[in-house]
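Participant: Please find the sequence and the predicted model below.
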Amino acid sequence: MITVESVAKNFGGIRAVDGVSLSIEKGSITGLIGPNGAGKTTLFNIIAGAFPPSSGAIYLDGEDVTGLEPHELFHKGLLRTFQIAHEFSTLTVLENLMVVPGDQPGEQLRHSWFNFGRVKEIEAKNLERALEVMEFLQIDHLKDELAGNLSGGQKKLLELGRTMMVDAKIVFLDEVGAGVNRTLLNTIATSIKRLNEERDYTFCLIEHDMDFIARLCDPVIVMAEGKLLTQGTIEEVKNNEEVIEAYLGTGRKHERKAPA
Ligand SMILES: Nc1ncnc2c1ncn2[C@@H]1O[C@H](COP(=O)(O)OP(=O)(O)O)[C@@H](O)[C@H]1O
Ligand SMILES: [Mg+2]
């Protein structure tokens, strides 16, 4: 579904992503792991159109989408979740879902400005969808709560909910488990799995919680220092010497060299 071809990104003198090639298979929940500073978020940003790569290309279903804007990718079904932006914190959960741009083309929307019936129809559909999304994610009891008052985990569920307001094909989640309690992390994991199995969502997620990765992801891609280190099942990558070195750094090398 996604092919990343020799992508590199420089920030001044820093080579944040250094010639990464990989592919994300349709229907997979692909994990992206690696130590801090490995270049994972930068790679996500490039794929989702936040900025273009310094070199290399991104393909979505065989189409070259390198350098497209986030909203263009959004309309092609490629979504990346963001933290609930400041301006959305004063909207309710329901409103946060309702303001996600629908998949109707802008022309039609402008036209519908003069067509009250059509507006009502779109709104009714949108509301129905939002209610269904809240139920799916078990946040329906929070319908009228301001997004700013939600816990970290509830916000993550709302972010996931926003991707469900359009027909997403592939969703990128960056550190979805950060600061989320066990119970909600479990709800998030179950929701991701159900969206994958029941609605054909493909996921690519960055996460530091290895239990979360192990439970959901196959394959797991490992990055370190801007490069792709290896790819495989969680068991394969966990036992990979290079991966262990990347996580533990040089300390381990010294330890191993020390006399018994
Ligand atoms: N906007 C930026 N400007 C300058 N350097 C950046 C920027 N974003 C990331 N970097 C640098 O690129 C490297 C990779 O960062 P990042 O992609 O955030 O890694 P990860 O998500 O794997 O922790 C780091 O050295 C980081 O400091
Ligand atoms: Mg990151």
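Facilitator: Good, I have the coordinates. Ligands and ions are numbered 1, 2, ... in the order given.

Participant: Please count neighbours and contacts with C-alpha atoms only from this point.
Facilitator: OK.

Participant: Val243 reaches Glu235, doesn't it?
Facilitator: No. In this structure Val243 lies outside contact range of Glu235 using CA atoms under 8 Å: 11.6 Å.

Participant: the more surrounded of the two?
Facilitator: Val243 (21 against 10; other CA atoms under 10 Å).

Participant: partners of the helix or strand containing Leu229, with directions?
Facilitator: According to DSSP states H and E, Leu229 maps onto strand 227-232. If you go by DSSP bridges, strand 227-232 pairs up with strand 220-224 (antiparallel).

Participant: any residue of the strand it pairs with up close to ligand 1?
Facilitator: No. Strand 220-224 is not in contact with ligand 1 by CA under 6 Å from any ligand atom; minimum separation 7.5 Å.

Participant: so how far is that strand from its chain's centroid?
Facilitator: Counting by CA atoms, centre = their mean, to the nearest Å, strand 220-224 is centred 16 Å from the centre of its parent chain.

Participant: How about residues contacting it?
Facilitator: Contact with strand 220-224 is made by 30-35, 37-40, 213, 228-234, 237, 243, 246, as judged by CA atoms under 8 Å, 6 or more residues apart in numbering.

Participant: Which ones among those map onto helices?
Facilitator: 40, 213, 234, 237, 243, 246 (DSSP state H).

Participant: Of those residues, which fall within the contact range of ligand 1?
Facilitator: Applying CA under 6 Å from any ligand atom to the ones in helices among the contacts of strand 220-224, those adjacent to ligand 1 are Lys40.

Participant: who wins for most neighbours among the ones in helices among the contacts of strand 220-224?
Facilitator: Counting neighbours by other CA under 10 Å, the top entry in the ones in helices among the contacts of strand 220-224 is Lys40, with 26 neighbours.

Participant: who does the top helix by length along the chain touch, helix- and strand-wise?
Facilitator: What stands out as the longest helix in the chain, according to DSSP H, is helix 116-136. Helices and strands touching helix 116-136, as assessed by 3 or more CA pairs under 8 Å, 6 or more residues apart in numbering; DSSP states H and E, comprise helix 93-98.

Participant: Now do the helix it packs on: which elements does it pack against?
Facilitator: Using 3+ CA pairs under 8 Å, 6+ apart as the contact test, the elements touching helix 93-98 are helix 116-136, helix 152-163.

Participant: do you know which of these lies nearest ligand 1?
Facilitator: With CA to the nearest ligand atom as the measure, helix 152-163 is the member of these nearest ligand 1 (17.8 Å).

Participant: I would like the residues contacting that closest one, please.
Facilitator: 79, 81-84, 93, 96-97, 100, 133-134, 137, 139, 147, 171, 176-177, 179-181, 184-185, 188.

Participant: These also near ligand 1: which ones?
Facilitator: Counting by CA under 6 Å from any ligand atom, no member of these reaches ligand 1.

Participant: What sits closest to Ile221 if chain neighbours are left out?
Facilitator: Using CA to CA, 6 or more residues apart in numbering and skipping residues adjacent in sequence, the residue nearest Ile221 is Gln231, 4.4 Å away.

Participant: So Gly56 lies in a helix, does it not?
Facilitator: No. Assessed with DSSP: H, G, I helix; E, B strand; the rest coil, Gly56 is strand; it does not lie in a helix.

Participant: I'd like to know which of the contacts of helix 152-163 are buried.
Facilitator: 79, 81, 84, 93, 96-97, 100, 133-134, 137, 139, 147, 171, 176-177, 180, 184-185, 188 (16 or more other CA atoms under 10 Å).

Participant: Show the pLDDT at whichever residue of the stretch 101-250 of the chain sits closest to ligand 1.
Facilitator: Residue nearest to ligand 1 within the stretch 101-250 of the chain (CA to the nearest ligand atom): Gly226, separated by 6.8 Å. Predicted confidence (pLDDT) for Gly226: 97.
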